[in-house]
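Q: one predicted model, sequence on top.
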Amino acid sequence: GLDWQDADPDAYDPDNPLALLEKVAAADDDERAELATWAVRSMVAGGAPPFVLTVVGRDYVRRSGLLPLIPYDDLVRRSLAEFAAADSGDDRGPSVATQLVEIAREMFTFGVSDLGEPYALPVTGPKVVAMLRGSKKSLRALLAKECYARYGKTASQQALADALLVVEGIAQDAAETRLYMRTAQHDDNSLWLDLGDPTGRAIHITASGWTVEDDAPVLFKRTALTASLPEPERSGDLANLWQWINVSEDDRPMIAAYLVHALFSEQSHVVLAAFGEHGTAKTSALKILVRLIDPSPVPARKPPRDAETWVTAAAGSWVVGLDNLSEIPPWLSDAFCRASTGDGDVRRKLYTDGDYAVFSFRRCVIFTSIDVGALAPDLADRTVPVMLELIPDDHRVAEAKFWAGWEEAYPLLLGALMDLAARVLTRLPVID
């Protein structure tokens, strides 16, 4: 039978239900069978409705040719049947779902964001927001872990789904609260930058300077694309940044200004375009720029293939870095403009008749390219181009040595950027 411990229910995304099958399709031929088993198990364990597997998924398998249909159908049937059998116990006393709800109410309070996203906030300890589903730090994962710790048994997927449905209903009764992504402008004209680590700490920037605080007056949302910043160190010099980014001297003030402005969550942001020929270390420059504000496991991403994948990518990070664009089609140009100004969009939720999802987010976008051709007028008005210079052969270093040196410089450069942001705050009151 199937070993459900091999499945990863958090890998299934109900808003992108075919993502795991697409991952199978992108794998090498000799890996597909094993990966397909994992993907289907994870979809079932993650709560994928049967029709997603038997109708929508089957049609994708047929069109993509990732597996013959007979083995796929057999895999789906066995997965659904054995998962149902594993989930059908006769619990005595309170149901496991009820126990999970009780654990959740003991450990968390619940709320809903201004975009309608339910979330949980720990009663004790760091105030790190946990979304209900979607990552290994989600409420779902935390409840599964706590259930095993308390009762010595694993919670079934159905029990977790039922418990989260109750929690979602509780959360919807709360007043809406703004969830910030990495940066926040507060009412007192100060700035906050989430360190993104388990401590819940954030950098507080004012005209008087900056400090690292245990608690922020706002709530920060984190995703699977949120990585931690180092604790900044004082006495750094931002001029040392140009040892790591080979930008032309004339363009250095533009990059420094872009990085400081990225700390302002309530303002429209320009799109930063870093151009350079082969040998200008475009990818390394992009990774460093992203890491200075919003580090991510994937700081340099490939261009999105359509509007849906753009929404998925941009929703998870404050700074979105796209590497080696060869062109910017009209839909992506429009998406960049919307992200720059914070304009929203409405889309019908997948596989529903009348439910809609609202996508409204302001983001800082950086892209690299050799040449993307002429930009659409709206995007050209919002784009600041900078030029990266060719690195001479005698100045090149091994990649491992480069990044080891960067990790040493990182805290000082972050502190220097915070110093510059504080000086900018002192000047804002006299700027028209």
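A: Thanks, I have the structure now. Computed from a predicted structure; not experimentally measured.

Q: for the residue found closest to residue 170 once you drop the neighbours it is linked to in the chain, what are phi and psi?
A: Counting by Cβ to Cβ, 6 or more residues apart in numbering, residue 110 is the residue found nearest to residue 170 once chain neighbours are left out, at 5.1 Å. To be clear about C-beta, it is placed using only N, CA and C from the backbone, and glycine gets the same treatment. Backbone torsions of residue 110, given as degrees, to the nearest 10, read phi -130, psi 150.

Q: which strand residues bridge residue 110?
A: Residue 110 forms beta bridges with residue 120, as assigned by DSSP bridges.

Q: check whether it really touches residue 122, as I assumed.
A: No: with contact defined as Cβ atoms under 8 Å, residue 110 does not count as touching residue 122 (11.2 Å).

Q: those two: which is more packed in?
A: residue 110 (20 against 15; other Cβ atoms under 10 Å).

Q: buried stuff in the lengthiest helix in the chain?
A: Ranked by number of residues, the top helix in the chain under DSSP state H is helix 399-427. Using 16 or more other Cβ atoms under 10 Å as the test for burial, helix 399-427 gives 406, 409-422, 424-425.

Q: report the rounded mean pLDDT for that helix.
A: Mean pLDDT, helix 399-427: 96.

Q: where does the stretch 301-432 of the chain have low pLDDT?
A: Scanning the stretch 301-432 of the chain for pLDDT under 70 picks out the ranges 344-360, 430-432.

Q: which residue ranges of it form helices?
A: Per DSSP state H, counting those that start in this stretch, the stretch 301-432 of the chain carries helices over the ranges 307-315, 330-341, 377-381, 399-427.

Q: show me what the last one is packed up against.
A: Spelled out, it's helix 399-427. Applying 3 or more Cβ pairs under 8 Å, 6 or more residues apart in numbering; DSSP states H and E, we find helix 399-427 packed against strand 191-194, strand 202-206, strand 209-213, helix 252-261, helix 282-293.

Q: relative to the third one, what are the paired strands and their orientations?
A: The partner list of strand 209-213 in its sheet, established with DSSP bridges, is strand 202-206 (antiparallel).

Q: next, the angle from the partner strand to helix 252-261.
A: 110 degrees (axes from the mean of the first three to the mean of the last three Cα atoms, to 10 degrees).

Q: and strand 202-206, how far out from the chain's middle?
A: Computed by Cα atoms, centre = their mean, to the nearest Å, the chain-centroid distance of strand 202-206 equals 22 Å.

Q: contact partners of that strand?
A: 188-195, 210-213, 216, 220, 229, 232, 263, 418, 421-422, 425 (Cβ atoms under 8 Å, 6 or more residues apart in numbering).

Q: pull the contacting residues for the nearest residue to residue 339 once chain neighbours are set aside.
A: Take residue 339 and drop its neighbours on the chain: the residue closest to it by Cβ to Cβ, 6+ apart is residue 363, 4.1 Å away. Residues near residue 363 by Cβ under 8 Å, 6+ apart: 269, 314, 317-320, 339-340.

Q: now residue 363: phi and psi?
A: Residue torsions, per degrees, to the nearest 10, at residue 363 are phi -140, psi 160.

Q: was I right about residue 237 contacting residue 419?
A: No: counting by Cβ under 8 Å, residue 237 does not reach residue 419; the two are 9.2 Å apart.

Q: what is the burial count for residue 128?
A: 19.

Q: how far away is it from residue 175?
A: 20 Å (Cβ to Cβ, to the nearest Å).

Q: any idea what the closest residue to residue 289 other than its chain neighbours is bridged to?
A: Counting by Cβ to Cβ, 6+ apart, the nearest residue to residue 289 once its immediate chain neighbours are dropped is residue 366, at 5.7 Å. Under the criterion DSSP bridges, residue 366 forms beta bridges with residue 272, residue 321.

Q: can you name the residues that contact residue 366?
A: Counting by Cβ under 8 Å, 6+ apart, residue 366 touches 271-274, 286, 289-290, 319-322.
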